[in-house]
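>>> Return atomic coordinates for the entry below.
(one chain, ligands or ions: 2)
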Amino acid sequence: MASIALHNIRKSYGNLPVIHGVDVEIEDGEFIVLVGPSGCGKSTLLRMIAGLETISGGRLSIGGRMVNDLPSKERDIAMVFQSYALYPHLTVAENMGFSLKLHGTARDEIGRRVQSAAKILALEPYLDRHPRHLSGGQRQRVAMGRAIVRDPKVFLFDEPLSNLDAKLRVAMRAEIKELHQRLKITTVYVTHDQTEAMTMADRIVVMHDGIVEQIGTPLEIYDRPSTTFVAGFIGTPAMNLLKGRIQADAPSIFRTDSGIAMPLSLRPGSADPGEELIYGIRPEQFVIADEGGTPAKVIVVEPTGAETQVVARIEGARIDGENVNMLFRERIAVKPGDSIRFALRSASGHLFSAATGRRLPEADV
Ligand SMILES: Nc1ncnc2c1ncn2[C@@H]1O[C@H](COP(=O)(O)OP(=O)(O)OP(=O)(O)O)[C@@H](O)[C@H]1O
Ligand SMILES: [Mg+2]
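Ligands and ions are numbered 1, 2, ... in the order given. All right, here's what the predicted structure looks like:
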C-alpha cells in the first residue's frame, strides 16, 4: 500500500497546457474520486499517475518515492478502464492470470492468486467461461480481478462503470466500495458522475478546466462548496444560483437582480454593500409555507415517487435565471400554473462573489 503525492503537476500536449498545476496529497489506503465535466483533465491526471502519460512539470511521488520518470510497470499499480478489453479467446481464469503469466510468475502461484481474487469477486463459478458468456457486470468484475491478482500498491479506475446500465452501476458501485473496505488499497477513481463521487469517495477532488476547484469529504463539499462551479456541479438537481446584492441598510436580506428578497441565515464576513454576489440555495431547502413566505408560480412538476421536483417562477422575477428548482421529499399536490408560497429552511443559503465565483467567508455570528 502507498500514499500518493501530486505537487504542482502540469501537463501540456505540444503547446497546449491541459493540467495547470495540481496539488493533491492522497493518504495510504484512501479512496479518492476525481470528478469533473468532460475534458477537465481527469483521465490525463490518472494516466500520469499510472505512468502512461509523461509529466510536463511538478513532482509525483508514490509511497514517498518520486516516480516522475519511473516506467509504468515498475510503479506497482493496477488500472481498470471503462472498456474492460478482456481477451475473448481466453477463459475468465486465463484473463485474470494473464499479466502474471507475462511477468513469469509460477503456475501454482498464478492459480492461487486467481482463485483468491475469484473468491473475493464471487467469480468462482465462471472461471472456465469465456467473456462472451458473461453479463456486463461479470465482465467488469473480471477486469477488476485482473487488477487484484497483481496485488498492487495502488488501484486506478477510469470510469469503470459507465458502460453498465443504471441498476448494475449502483450494484457495482457498492461492490467496489466494499472491496476497498476489505483490501484497503489506495484508490484513485475517475468519474464525471457526481453521485458516484459522493457515494464512493473518502475525499473528492473536483476538477474544472485542468485545475482543482476543491478537495474535501463528500459532505464538506456538499455543505460548503468553495466556488460557484462546485456548487453547481455537486448535487442533483443542481443548486440554484441567483445574482443580486446585499444593501447596507438590510444586511440580513439578499436582493436578487429582480428585487426579490431572500433571507440570509449567515452574515457574509466580507461583502461590501452593493457588491455583486451570487446566492446559492439547494432545491431541498425549500418548504411550502402555509402563510407568509414568498409567492411563486409553478411551471413544471416532476414526480419520481420518492420525491417531487418543482420548477417555479418567483413572483416579481423579471429574469429567466430566477426560476428556481425545488425538491420536496413529501408528496405535494401542485400542478403547472398553481400559485404556491415557499419559505427556506434555516441555515441554508450560500454566498459567492460574482466577480471571482469564490465563496465568501462567513462572519462569526
Ligand atoms: N493526446 C492528446 N493530445 C492532445 N490533447 C489531448 C490529448 N489527450 C487529451 N487531450 C486534451 O486534454 C484535455 C483533458 O482530457 P482528458 O481526457 O483528461 O479529460 P477527461 O476529464 O478525462 O474527460 P472525459 O470525462 O470526457 O473522459 C481535453 O481538452 C483533451 O482534449
Ligand atoms: Mg476521461
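>>> Tell me where the stretch 201-350 of the chain has strands.
Using DSSP state E, counting those that start in this stretch, the strands assigned to the stretch 201-350 of the chain run over residues 203-208, 211-216, 240-245, 253-256, 261-263, 277-281, 286-288, 294-303, 308-314, 323-328, 339-344, 350-353.
>>> Please point out which parts of the helix or strand harbouring Lys177 sit buried.
When elements are defined using DSSP states H and E, Lys177 is found to belong to helix 166-183. Judged by neighbour count (16 or more other CB atoms under 10 Å), helix 166-183 contains these buried residues: Leu168, Arg169, Met172, Arg173, Glu175, Ile176, Lys177, Leu179, His180. Every residue, glycine included, has its C-beta placed from N, CA and C.
>>> helices and strands around the helix or strand bottoming out on mean pLDDT in the chain, which ones?
Averaged element by element with mean pLDDT, DSSP states H and E, the chain has its least confident helix or strand at strand 261-263 (a mean of 81). Identification of packing neighbours for strand 261-263 by 3 or more CB pairs under 8 Å, 6 or more residues apart in numbering; DSSP states H and E yields strand 253-256.
>>> what sits against the residue in the stretch 251-365 of the chain that ligand 1 sits nearest to?
Per CB to the nearest ligand atom, Gly357 is where the stretch 251-365 of the chain lies closest to ligand 1, at 19.8 Å. Contacts were defined as CB atoms under 8 Å, 6 or more residues apart in numbering; by that measure Gly357 touches Thr227, Thr228, Phe229, Ile278.
>>> How about stretch 36-48, which residues are buried there?
Buried residues in stretch 36-48, counting neighbours by 16+ other CB under 10 Å, are found at Gly36, Cys40, Gly41, Lys42, Ser43, Thr44, Leu45, Leu46, Arg47, Met48.
>>> Hmm, Gly210 and the third one touching each other?
In this case it means Gly41. Yes - under the criterion of CB atoms under 8 Å, Gly41 makes contact with Gly210 at 4.6 Å.
>>> so what's in contact with the two at the same time?
In terms of CB under 8 Å, 6+ apart, Gly41 and Gly210 are both contacted by the residues Lys11, Val18, Ile19.
>>> ok, and the most crowded of those residues?
Taking other CB atoms under 10 Å to define a neighbour, the member of the shared contacts of Gly41 and Gly210 with the most is Ile19, carrying 27 neighbours.
>>> Quick check: that one is in a strand.
Yes - using DSSP: H, G, I helix; E, B strand; the rest coil, the assignment for Ile19 is a strand.
>>> and the nearest residue to it once chain neighbours are set aside, what are its phi and psi?
If the residues on either side of it in the chain are set aside, Ile19 comes closest to Lys11, at 3.9 Å by CB to CB, 6 or more residues apart in numbering. Here the main-chain torsion angles of Lys11 (degrees, to the nearest 10) amount to phi -150, psi 130.
>>> For Lys11, which residues are in contact?
Lys11 makes contact with Pro17, Val18, Ile19, Gly41, Thr44, Leu45, Met48, Glu53, Ile55, Ser56, Gly57, Gly210, according to CB under 8 Å, 6+ apart.
>>> So which residues on the stretch 101-250 of the chain come close to ligand 1?
Applying the criterion CB under 6 Å from any ligand atom, the portion of the stretch 101-250 of the chain that neighbours ligand 1 consists of His192.
>>> mind listing the helices for the stretch 51-200 of the chain?
92-102, 107-120, 136-148, 166-183, 194-200 (DSSP state H, counting those that start in this stretch).
>>> Select, out of the ones you listed, the one closest to Gly63.
Between Gly63 and these, the shortest separation by CB to CB is 16.4 Å, and it involves helix 166-183.
>>> That closest one versus helix 107-120: what angle between them?
Angle of helix 166-183 versus helix 107-120, following axes from the mean of the first three to the mean of the last three CA atoms, to 10 degrees, is 120 degrees.
>>> now the strands of the stretch 201-350 of the chain in JSON lines, with mean neighbour count?
Below are the strands of the stretch 201-350 of the chain laid out as JSON lines (neighbours: other CB atoms under 10 Å):
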{"stretch": "strand 203-208", "mean neighbour count": "24"}
{"stretch": "strand 211-216", "mean neighbour count": "20"}
{"stretch": "strand 240-245", "mean neighbour count": "20"}
{"stretch": "strand 253-256", "mean neighbour count": "19"}
{"stretch": "strand 261-263", "mean neighbour count": "16"}
{"stretch": "strand 277-281", "mean neighbour count": "22"}
{"stretch": "strand 286-288", "mean neighbour count": "19"}
{"stretch": "strand 294-303", "mean neighbour count": "16"}
{"stretch": "strand 308-314", "mean neighbour count": "19"}
{"stretch": "strand 323-328", "mean neighbour count": "20"}
{"stretch": "strand 339-344", "mean neighbour count": "16"}
{"stretch": "strand 350-353", "mean neighbour count": "22"}
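>>> Please tabulate those strands in CSV and include distance to Leu6 as additional columns.
Rendered in CSV, the data for those read as follows (distance: least, CB to CB, whole Å):
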stretch, distance to Leu6
strand 203-208, 10
strand 211-216, 9
strand 240-245, 30
strand 253-256, 38
strand 261-263, 39
strand 277-281, 29
strand 286-288, 39
strand 294-303, 40
strand 308-314, 38
strand 323-328, 35
strand 339-344, 39
strand 350-353, 27
